[in-house]
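Enquirer: Build me a model:
(chains A and B)
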There are 2 protein chains.
Amino acid sequence: MAKRIAGPEIERLIQLLAKLPGLGPRSARRAALHLVKKKEALLVPLARAMDEAVEKVGVCSVCGNVDTVDPCTVCRDERRDPHVLVVVEDVSDLWALERASAISAKYHVLGGVLSPLDGVGPSDLNIASLVERCRTEDIREVILAVNATVEGQTTAHYVTDQLGHLADEGRVITVTRLAHGVPVGGELDYLDDGTLSAAMRARTKF
Amino acid sequence: MAKRIAGPEIERLIQLLAKLPGLGPRSARRAALHLVKKKEALLVPLARAMDEAVEKVGVCSVCGNVDTVDPCTVCRDERRDPHVLVVVEDVSDLWALERASAISAKYHVLGGVLSPLDGVGPSDLNIASLVERCRTEDIREVILAVNATVEGQTTAHYVTDQLGHLADEGRVITVTRLAHGVPVGGELDYLDDGTLSAAMRARTKF
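Expert: You can find the predicted model right below:
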């Protein structure tokens, strides 16, 4: 903006809002204006919610989820199957699986994928803590719910390899992965060849 | 969400973020996750910026703009032409005109448009204060920069009418409106008939 039309506090608010995913500079401006116009109804509660989040939010020391308690709500939930561990790349994947009520199990967040080109090695991910959990907790199945990307699959292979060493200690853990196939509601015409071939190979009785 | 996967503080943050324009429930969840994952880099500064906005932001008592000072930055700016007043419906219009550096003048924000069906009458808008400013300040031109909608034009007519009464007190104020025409970069093929006709009537020498 050539000329200053508002105090620096509002400009700063716009700049920070623009860093949120899904908000560009223009929509951040709209959001900031909306906030300052609805001060009592929205800005005040949102500011308070953020202060509270700043104070309480942290990373779960057990699984790597983010929550306001440690261990997190998921780790504390005793109704979940303690023998099944779902390994995800990111907290957003944990949330997505929970939103879908896909399974009632415990989780482990790797915090990324192996990517030598980006300098991400095994020690940068929560792999050692995963192996440690499999050693000390009574885990019988590890579900590798990583993305179906090259990095995701490389990471899955590495994790499987690491868990295989536990067999030497007499711990046999079944390692599974998510099924490939046609997305529910998806149209064949729009799917890539790899997905179609995978869906065909894994066809089931109707 | 069927099961609670995070503390109520995070859920509350998501709900409030979802009220921002441009963010739906899904993108609010992504934004909240982004915030709590980047706690020090983003959540903490944003929370601080919001606290500061809560403390300082208010409506300018002169023109109706929102700012952290009163009178606002625009009203205080002495480089602006004090004889020209741009009347806009909303603060966002003021910001848009300033972003475009369309004019260097003072502003007056009506805070809406006349809309009898929605129960918005003249007393609900900052029209009396506009007339008062035209009476006491040395205003020579009022530019009605309202939207080219039916309500906007109705409001423009009403405001013009009210300003006309000042002639009885010996104050003659020129009232102008924004030009209609082809948007810069616009294609004729996509324009409505009204705009095309207006652009043709107001054609200028090349």
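
Enquirer: Please report how far the nearest residue to residue A:146 once chain neighbours are set aside lies from residue A:163.
Expert: The shortest distance from residue A:146 to any non-neighbouring residue, by Cβ to Cβ, 6 or more residues apart in numbering or on different chains, is to residue A:152 (3.9 Å). The way it works is simple: take the backbone N, C-alpha and C, and place the C-beta from them, glycine included. For residue A:152, the distance to residue A:163 equals 16 Å [Cβ to Cβ, to the nearest Å].

Enquirer: List the buried residues for the longest helix that chain A contains?
Expert: Identified as the longest helix of chain A according to DSSP state H is helix A:150-164. Of the residues in helix A:150-164, A:151-153, A:155-156, A:158-159, A:163 count as buried by neighbour count, 16 or more other Cβ atoms under 10 Å in any protein chain shown.

Enquirer: Can you list the buried residues in the lengthiest strand in chain A?
Expert: Counting residues, the longest strand found in chain A (DSSP state E) is strand A:81-88. Within strand A:81-88, the residues that count as buried by 16+ other Cβ under 10 Å are A:84-88.

Enquirer: for stretch A:193-206, same thing?
Expert: Buried positions in stretch A:193-206, judged by neighbour count with 16+ other Cβ under 10 Å: A:195, A:198-199.

Enquirer: between these, which is nearest residue B:188?
Expert: Closest approach between those and residue B:188, by Cβ to Cβ: residue A:195, at 44.4 Å.

Enquirer: correct me, but that closest one touches residue A:179?
Expert: No: taking Cβ atoms under 8 Å as the definition, residue A:195 is not a contact partner of residue A:179, at 11.1 Å.

Enquirer: how much space is there between residue A:50 and chain B?
Expert: 4 Å (Cβ to the nearest Cβ, to the nearest Å).

Enquirer: who's in contact with residue A:58?
Expert: By Cβ atoms under 8 Å, 6 or more residues apart in numbering or on different chains, the residues touching residue A:58 are A:66-68, A:70.

Enquirer: so of those residues, which ones are in strands?
Expert: Going by DSSP E, the strands hold A:66-67 from those.

Enquirer: Run a quick neighbour tally on residue A:113.
Expert: Residue A:113 has 22 neighbours, counted by other Cβ atoms under 10 Å in any protein chain shown.

Enquirer: those strands in chain A, which residues are they?
Expert: Using DSSP E, strands in chain A cover A:58-59, A:66-67, A:81-88, A:105-109, A:141-144, A:174-177.

Enquirer: how about those strands in TSV, adding mean pLDDT?
Expert: Shown next, in TSV, are those (pLDDT from 0 to 100):
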stretch	mean pLDDT
strand A:58-59	92
strand A:66-67	92
strand A:81-88	95
strand A:105-109	95
strand A:141-144	94
strand A:174-177	93
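
Enquirer: Perfect, I'm done here.
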